[in-house]
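*Asks:* Predicted model follows, preceded by the sequence.
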Amino acid sequence: MIIPAGHRVVVRQEKYDEHDEVFAAAKRAGIEIVKDREVRYQASVDKGTIVSIGPTAWQDFGGVNWAQIGDVVVFAKNAGKSVEDPSDKNTPYIVLNDEDIVAVIKE
């Protein structure tokens, strides 16, 4: 489990093959993607689901929590730090500053 400190938020990133249909089709067809390229592609994903929120998130913004655990959010490109959950090594996570979340996607 990843517990964010301070004003940070942990987001489970969409996997690139869920994010890009052409990439997903190539993988389904058995085309092997070079690991280095796959890592770079994954870094370009800027959408995910909030899984944890730090204790002081959004306090600098009047305490209004505009996103909750379970919300799908869009975050700033190149924001945050990729982290690995020791109990779930196959899922990409990113730790962001609360201000790096730029939109909440509602269905």
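*Replies:* Structure received.
*Asks:* Please name the bridge partners of Val9.
*Replies:* Ile53, Leu96 (DSSP bridges).
*Asks:* List the contacts of it.
*Replies:* By Cβ atoms under 8 Å, 6 or more residues apart in numbering, Val9 lies in contact with Ile50, Ser52, Ile53, Gly54, Ala57, Ala67, Val95, Leu96, Asn97, Asp98, Ile101. For the C-beta atoms, the positions are set from N, CA and C on the backbone; glycine is no exception.
*Asks:* Kindly state the pLDDT recorded for His19?
*Replies:* Looking at His19, its pLDDT is 59.
*Asks:* if we can go back for a sec, tell me the one of the contacts of Val9 nearest Glu32?
*Replies:* Glu32 lies nearest to Val95 out of the contacts of Val9, by Cβ to Cβ, at 30.0 Å.
*Asks:* Provide a list of residues in contact with the closest one.
*Replies:* Per Cβ under 8 Å, 6+ apart, neighbours of Val95: Ile2, Pro4, Arg8, Val9, Val10, Val11, Gly80, Lys81, Val83.
*Asks:* Please indicate which of those residues are buried?
*Replies:* Buried subset of those (neighbour count, 16 or more other Cβ atoms under 10 Å): Ile2, Pro4, Arg8, Val9, Val10, Val11, Gly80.
*Asks:* For the residue nearest the centre of the chain, grab phi and psi.
*Replies:* In the chain, the residue lying closest to the centroid (Cα atoms, centre = their mean) is Gln13, at 3.0 Å. Main-chain torsions, Gln13, degrees, to the nearest 10: phi -70, psi 150.
*Asks:* quick revisit: now the buried members of the contacts of Val9.
*Replies:* Among the contacts of Val9, those scoring as buried are Ile50, Ser52, Ile53, Gly54, Ala57, Ala67, Val95, Leu96, Asn97, Asp98, Ile101 (criterion: 16+ other Cβ under 10 Å).
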